[in-house]
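Enquirer: Build me a model:
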Amino acid sequence: MKRFLFAAFGMLMSMAAVVAVDTGAKAEETPLLAEHGDWQAFKTKQNGKDVCFVSSKPVDSEPKNVRRGDIFFLVSYFQDGSVKDQVQVLIGYPFKTGSTAHISIDGKKKFELFTDGENAWARKAETDSEIVAAMKRGAKAVVTGTSQRGTDTTDVFSLKGITAAISAVMKACNV
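Expert: Take a look at the predicted model:
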């Protein structure tokens with residue numbers, strides 16, 4: 001349950017960042033720390049503690065003819081050390097109930113994620129760390145899932161800049 005709460009918090013923080021960046025809202029809500037390649041680094045506060053995360057949008061999505069909301073890949077870090085390398089995918093539609101999503105890094109490393117609503121996460125922190133390590137060595141991450149309506153989707157995320165973006169948030173949050 002604790003893991004799910006952190007993940008839900010990560011989603012809320014990422015959405016605040018998206019709104020701040022996309023609409024020009026007050027930058028102090030979730031300031032952009034840096035942009036590295038296809039990744040952005042953010043820092044905010046929650047209960048007086050720094051919370052940092054990196055975010056990226058897909059460079060390609062299939063099928064093209066389906067309506068979806070915002071799609072993001074996120075990795076979160078909390079200053080207090082309770083969250084590190086937490087992977088979350090916000091997919092832009094409700095996943096099929098009870099389904100799993102999958103991440104493949106360069107077609108070599110494959111990971112299973114549990115789904116809830118529009119979000120997917122690794123079940124264990126150790127898996128998060130394995131995913132992040134593979135992403136730092138990789139060129140692309142491919143996320144696949146099935147919507148509540150039964151549509152299979154594929155989102156491709158460039159990993160260009162992920163290592164620098166993660167370094168920026170780790171430094172900013174003293175992780």
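
Enquirer: what comes up buried for stretch 78-87?
Expert: Neighbour-count burial for stretch 78-87 flags 78-79, 83-87 (criterion: 16 or more other CB atoms under 10 Å). Where you see a C-beta, it was placed from the backbone N, CA and C, and this is true even at glycine.

Enquirer: distance between that stretch and the chain's centre?
Expert: In terms of CA atoms, centre = their mean, to the nearest Å, the centre of stretch 78-87 is found 13 Å from the chain centre.

Enquirer: do the same with stretch 68-81
Expert: Worked out by CA atoms, centre = their mean, stretch 68-81 lies 4 Å from the chain centre.

Enquirer: If we go by neighbour counts, what in that stretch is buried?
Expert: So for stretch 68-81, counting by 16+ other CB under 10 Å, buried means 71-79.

Enquirer: Nearest to E62 among the buried residues of stretch 78-87?
Expert: Checking the buried residues of stretch 78-87 against E62 by CB to CB gives V87 as the nearest, at 21.2 Å.

Enquirer: Could I have the CA atoms of stretch 34-50 written out in CSV?
Expert: Extracted in CSV, the C-alpha atoms of stretch 34-50 (Å, rounded to 0.1, in the frame of the first residue of the first chain):
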residue,chain,number,x,y,z
ALA,A,34,16.8,21.1,-16.5
GLU,A,35,16.1,19.6,-19.9
HIS,A,36,18.5,16.8,-21.1
GLY,A,37,17.8,15.3,-24.5
ASP,A,38,14.2,14.0,-24.4
TRP,A,39,13.9,14.2,-20.6
GLN,A,40,13.0,17.0,-18.2
ALA,A,41,13.9,17.2,-14.6
PHE,A,42,11.6,18.7,-11.9
LYS,A,43,11.7,19.6,-8.3
THR,A,44,8.9,20.5,-5.9
LYS,A,45,8.1,20.3,-2.2
GLN,A,46,5.7,18.0,-0.3
ASN,A,47,5.4,18.4,3.5
GLY,A,48,8.6,20.5,3.5
LYS,A,49,10.6,17.8,1.8
ASP,A,50,12.0,18.0,-1.7
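
Enquirer: May I see the buried residues of it?
Expert: For stretch 34-50, a neighbour-count test (16+ other CB under 10 Å) marks 34, 36, 38-44, 50 as buried.

Enquirer: same deal with stretch 85-96?
Expert: In stretch 85-96, counting by 16+ other CB under 10 Å, buried: 85-93, 95-96.

Enquirer: With that, I have no additional questions.
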